[in-house]
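# Here you go, sequence then predicted model.
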Amino acid sequence: MNKFILVLFCFLFSFSSSAHDNFTLEQLIEKAKVFVAAKNARQQPNTTIKEIENYISLLSDDFIDEHVKFKFTYTDKSKLREDMINKLKDEVIHSSIEINEVMVGANVVIVKMTESGKVKPTHLDKAIEYSKTNIVSLEFNQAGLITHIRRHHG
């Protein structure tokens with residue numbers, strides 16, 4: 001898995017949308033932590049539209065949110081918002097995200113994190129418990145907004 005992260009890091013570093021660093025290592029790590037906190041906040045039992053709007057506010061207007069394993073991509077904030085609001089109908093028993101590792105490149109952060117929780121989707125009769133280690137890369141524009149998310153689901 002560590003070789004995969006290194007290869008992914010090298011690829012993203014070389015193809016980052018910005019030719020030079022706009023943010024320090026510390027600033028990029030903080031931006032990654034803010035993203036993870038916002039992602040976690042929108043998956044809680046008491047999540048409201050406020051947490052969804054906070055999450056969406058981290059994205060640039062021309063963002064790409066790519067779920068690599070599932071070959072699915074969001075590029076429209078209104079569609080993303082609509083889908084997140086629909087997920088509020090699911091019963092979230094608990095949800096947490098723990099950051100395991102962070103790597104930083106030129107306006108790119110790669111986060112290895114463990115996501116766990118228990119959720120009862122509205123379309124199922126029983127709750128689903130999960131714990132997965134996932135990798136996400138975040139590319140930032142000069143304004144510090146996320147332009148590209150690549151999710152590598154475990």
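It's in.
# Identify the residues contacting Glu66.
Phe72, Thr73, His148, Ile149, Arg150, Arg151 (CB atoms under 8 Å, 6 or more residues apart in numbering). In short, each C-beta sits where N, CA and C put it, glycine included.
# which of the residues you listed are buried?
The neighbour-count test (16 or more other CB atoms under 10 Å) marks His148, Ile149, Arg150, Arg151 as buried among these.
# Now do the SS call for Asn22.
Following DSSP: H, G, I helix; E, B strand; the rest coil, Asn22 is assigned to coil.
# Contact partners for it?
If you count contacts by CB under 8 Å, 6+ apart, Asn22 has them with Asn107, Phe140, Gln142, Gly144.
# mind listing what's buried in the top strand by length along the chain?
Identified as the longest strand of the chain according to DSSP state E is strand 91-105. Going by neighbour count (16+ other CB under 10 Å), the buried part of strand 91-105 is Val92, Ser95, Ile97, Val102, Met103, Val104, Gly105.
# which one of those residues sits closest to Asp62?
Set against Asp62, the nearest of these by CB to CB is Gly105 (20.4 Å).
# Roughly how far does His94 sit from Ile49?
In this view, His94 and Ile49 are 21 Å apart by CB to CB, to the nearest Å.
# ranges for the helices of this protein?
Per DSSP state H, the chain carries helices over the ranges 2-14, 25-41, 49-56, 77-87.
# any idea of the pLDDT on Ala19?
As predicted, Ala19 sits at a pLDDT of 43.
# no wait, Asn22
Confidence at Asn22, expressed as pLDDT, is 85.
# Tell me how far it lies from Glu139.
Going from Asn22 to Glu139 by CB to CB gives 11 Å.
# quick one on the thing from earlier: tabulate the buried residues of strand 91-105 (JSON lines), appending distance to Glu115.
Listed next are the buried residues of strand 91-105 as JSON lines, based on distance: CB to CB, whole Å:
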{"residue": "Val92", "distance to Glu115": "12"}
{"residue": "Ser95", "distance to Glu115": "8"}
{"residue": "Ile97", "distance to Glu115": "5"}
{"residue": "Val102", "distance to Glu115": "15"}
{"residue": "Met103", "distance to Glu115": "18"}
{"residue": "Val104", "distance to Glu115": "21"}
{"residue": "Gly105", "distance to Glu115": "23"}
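# least confident pick among those?
Note: of those, the lowest pLDDT belongs to Gly105, at 93.
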